[in-house]
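**Q** Generate coordinates for the sequence data below:
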Amino acid sequence: MLKVRILCVGKLKEAYWRNACDEYAKRLSAFCRFSIQEIPETRLPENPSQALIEAALREEGKKLLEAAGDDILFPLCIEGTKLTSEQLSETIQESAVYGESALSFVIGSSYGLHEEVKRKGKKRISMSAMTFPHQLARVMLCEQIYRAFQIAAHTRYHK
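**A** Numbering: from 1, shown residues only. Here you go, the predicted model:
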């Protein structure tokens, strides 16, 4: 069974965000081995310098790549490709067909992802040209992964 993970920086603080992710994780268990792995966010001062931000991104990136292991990476970043739900479904299904058994979608901190993580990605994905809070983006990604499997299964969920 395909392993699909969301690797992300930071914790979900509010219970309603965690509950939403838990609901999609439960639904996804019929299609894949789904999990969410959180990496601690590097603490920064109120107005960090660019050098401090870069150092934090480097450290978070190192932890994300260690957690990913040999997974195929799909970093989420603003400069990524905007996919339709159908295209995301195709991307996931093609990965499975080509024998890629473990996929990780990667969400960085509010400062983004280190370039090394982006470089190691199979395909950079952008959720939108709009900016979303990281907690909401995580829930939206869970829903889109669930929708992708529903599309592949030809259910009525995606109309």
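**Q** Over to T81. Which of the three states is it?
**A** Each residue gets one of three states, and T81 gets strand by DSSP: H, G, I helix; E, B strand; the rest coil.
**Q** In this structure it contacts S126, no?
**A** Yes - assessed by C-beta atoms under 8 Å, T81 is found in contact with S126 at 6.4 Å. For the C-beta atoms, the positions are set from N, CA and C on the backbone; glycine is no exception.
**Q** And these two? Which one has more around it.
**A** S126 (15 against 11; other C-beta atoms under 10 Å).
**Q** Neighbours of K13, how many?
**A** 8.
**Q** What residues sit buried inside stretch 53-60?
**A** I53, A56, L57, E60 (16 or more other C-beta atoms under 10 Å).
**Q** Strands of the chain, residue ranges please.
**A** Under the criterion DSSP state E, the chain contains strands at 3-9, 33-39, 72-82, 102-107, 125-126.
**Q** could I get those as TSV with mean pLDDT and distance to R147?
**A** Below are the strands of the chain laid out as TSV (pLDDT from 0 to 100; distance: least, C-beta to C-beta, whole Å):
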stretch	mean pLDDT	distance to R147
strand 3-9	98	13
strand 33-39	98	13
strand 72-82	96	15
strand 102-107	98	13
strand 125-126	96	14
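**Q** The residue most central in space within the chain: what's it in contact with?
**A** Note on the chain: the residue nearest the mean C-alpha position is F105, at 3.1 Å, using C-alpha atoms, centre = their mean. Listed by C-beta atoms under 8 Å, 6 or more residues apart in numbering, the contact partners of F105 are V4, R5, I6, L7, F74, L76, I125, L141, I145.
**Q** if we go to 10 Å?
**A** Neighbouring residues of F105 by C-beta atoms under 10 Å, 6 or more residues apart in numbering: 4-8, 36, 71-76, 88, 92, 121, 125, 138, 141-142, 144-145.
**Q** where does the chain have low pLDDT?
**A** For the chain, applying pLDDT under 70 flags no range at all.
**Q** Surely Y98 is in contact with I92?
**A** No - under the criterion of C-beta atoms under 10 Å, Y98 makes no contact with I92, lying 11.2 Å away.
**Q** Compare neighbour counts for those two and give me the winner.
**A** I92 (24 against 8).
**Q** how near is I53 to S95?
**A** 32 Å (C-beta to C-beta, to the nearest Å).
**Q** and what of E54?
**A** 31 Å.
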